[in-house]
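Engineer: Structure, please.
(chains A and B)
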Amino acid sequence: MNTRDFFKKAKEIKLPEGDLKKIKNDLVLFMQNHPVRSDEPVRHLVYRSNSLGSLYKFNLSFKTMPILLILALFVGGGASVAAENALPGDILYPVKVSVNERVGGWVRVGDEAEAKWNVRLAEKRLTEAEELAVNGELDADTRIRLENNFQRHADKVEVRIAALSDADAKAAADIASNLKTSLSAHDRILLSIGVSLDGDVEKEINSFLSKVREEKRDAEDSQKSEEREAVASVDVESAARGRLKAAENKIAEVEKYINKKSEDLGAEGSVQAKVRLALAKTTLAQGQAKLESKAYGEAFIFFGRAHAIAQEAKLLVKAKIDFEDDRPTPTPSVIPTVTPTVSVSPKVTPGVTPGASPSVTVSPSVTPVPSGSPYDDDDDEDDIKPMRSMIKIDIRM
Amino acid sequence: MSLENEFTKVYDSLADAIFRHCYFKVSNKEKAQDIMQETFIKTWEFISKGGKIDNLKAFLYRVANNLIIDDFRKKKELSLDRLQEGGFEPVSGAEEEIKTKIEAEEVTKVIGMLDQEFREVIVMRHVEGMGVKEIASIIGESENLVSVRIHRGLAKLRELLSGPIINK
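Structural biologist: Numbers count the residues shown, from 1 in each chain, chains lettered A, B, ... in the order given. Purely as a prediction, here's the structure:
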């Protein structure tokens, strides 16, 4: 016998359906008699004691909580709320990652919930990187840290998708699709940002970009195979109808969003966004045609595409509004404290003119840099923080 | 989806694997079934009391392992490595089921001849189809170690399969 046959036989060792069902029924009964208690952060602390450990006799290796976590919980989460908007480098950032994301993560059970949570976390790291880059603050160390963190979460998503695949291929397909959509949008956002910025930050962006693209390819592969599995499963019709509903809701939601933000978006951006949305609608219509002709598998896939196109449009619109800014940012770090012996202004202007709006040549009021400061270097355009006006997020198809 | 629904879905996807895991360790179908059920019940109990679970699959395996250890401690005369009598009982005397019973016994015998550390990873990898990373996170060892064990375990398995035991 060869090993393959051996494993095949091993896999056939299972309980008969009847037994499995009976155990499941008993389990469900037990679950009904032992409902989940409501979330009380203090209780979690109480249960991290030996009494529970002795019940189960194994080492529940909880990571030791940082003091800040304990304080945050007892003080009522003030710190953790303030930390939510923190970026790496801010003092509250470590609190954000360990408190908020773990608090948000408590009492999550199941591959689907875990996968979605990890998708969110991966996306968070990306938006953080983008924000830092736009502010010119993405250095190599921070980038590496964010990249690794992003990678870890993306890997977890993949593992969960694989685990979810047997039980619920449709859910696995949806998660893979969401991840891919998100990564596509961020691919474009990173690219747009990178193009607008100076050498060093662009380098960091490009490194992140290749990671994102790698993950995007993986997500796409997962999505394709999960969709194939979902389509091969028994109830494709209801899966397709479910996705139709989801796609219709998403398109309506994004349409509302574009209209609401049309002022911030500007004329050009609105048009581009609406073009994308129109494509989503056509794809949806194609799916509906398939549904009518009972090609449920194809309908399922079309509806997924429609949903993804709409979602991507929203992500790009949001990024465009967040990261583009037509007001020039003055260079606040160059505050004069010394006599104007060193004049930097003549050098400032040339480095900034390309593509910048006229009001950028504010050099007369850019008071000269005190000698001895790092801004002393000649020909160093990198010293000037990138003007937001140079960031252009392209959301055309 | 509610927590309860999530959990029952997890049962659907992992019950067989956990049963097999237990079966290869206790070599008795009834016992393995009981332990598998107890594993899910105890896990839900933990969740219902507000416990936090980082990795549910790993948690389930750990609970199962601890229940298995408890069971062996109760019956001190049994040794972990000795095979036990008893396999599947055919529901009827149908030939198909007898065949299955014999094959299951064969598989159990061979797996029982592997060292404990190989048994676990081989089954997880090649029967349950788990990835190395996942196995590593479940048994709490490094990925390298897991890969090495799988490699050595497979070699040992091949040896056993081509040996005299099977050709009885």
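
Engineer: which stretches of chain B have low pLDDT?
Structural biologist: B:1, B:75-101, B:164-168 (pLDDT under 70).

Engineer: which residues of it fall in helices?
Structural biologist: Taking DSSP state H as the criterion, chain B carries its helices at B:3-26, B:29-48, B:56-74, B:95-113, B:116-122, B:132-139, B:143-162.

Engineer: In a markdown table, list the ones you listed along with mean neighbour count.
Structural biologist: All C-beta spots, glycine's among them, are computed from the backbone N, C-alpha and C. Shown next, in a markdown table, are these (neighbours: other CB atoms under 10 Å in any protein chain shown):
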| stretch | mean neighbour count |
| --- | --- |
| helix B:3-26 | 21 |
| helix B:29-48 | 20 |
| helix B:56-74 | 18 |
| helix B:95-113 | 16 |
| helix B:116-122 | 20 |
| helix B:132-139 | 19 |
| helix B:143-162 | 16 |
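
Engineer: looking at those, which is closest to chain A?
Structural biologist: helix B:3-26 (3.2 Å; CB to the nearest CB).

Engineer: hang on, the earlier thing: is it possible to get TSV of the helices of chain B that adds distance to chain A?
Structural biologist: Formatted as TSV, those follow (distance: least, CB to the nearest CB, whole Å):
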stretch	distance to chain A
helix B:3-26	3
helix B:29-48	4
helix B:56-74	5
helix B:95-113	5
helix B:116-122	9
helix B:132-139	6
helix B:143-162	5
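
Engineer: helices and strands of chain A: which one has the lowest mean pLDDT?
Structural biologist: Ranked by mean pLDDT, DSSP states H and E, the weakest helix or strand in chain A is helix A:41-47, scoring a mean of 37.

Engineer: hmm, back to that, ok, which of the helices of chain B comes nearest A:Glu137?
Structural biologist: Closest approach to A:Glu137 among the helices of chain B is made by helix B:132-139 (32.7 Å; CB to CB).

Engineer: Quick check on A:Ser293: phi, psi?
Structural biologist: A:Ser293 adopts backbone torsions of phi -90, psi 20, taken as degrees, to the nearest 10.

Engineer: What about it, how many residues nearby?
Structural biologist: Counted with other CB atoms under 10 Å in any protein chain shown, the neighbours of A:Ser293 add up to 10.

Engineer: Mean confidence (pLDDT) on the host helix or strand of A:Asn259, please.
Structural biologist: Counting by DSSP states H and E, the element that carries A:Asn259 is helix A:236-260. Averaged across helix A:236-260, pLDDT comes to 91.

Engineer: for stretch A:23-39, same thing?
Structural biologist: pLDDT averaged over stretch A:23-39 gives 86.

Engineer: Surely A:Arg241 and A:Lys290 touch.
Structural biologist: No: counting by CB atoms under 8 Å, A:Arg241 stays clear of A:Lys290, with 11.9 Å between them.

Engineer: higher neighbour count, the two?
Structural biologist: A:Lys290 (19 against 16).

Engineer: That one belongs to a helix?
Structural biologist: Yes: secondary structure of A:Lys290 (DSSP: H, G, I helix; E, B strand; the rest coil): part of a helix.

Engineer: A:Asp111: neighbour count?
Structural biologist: Neighbours of A:Asp111 (other CB under 10 Å): 27.
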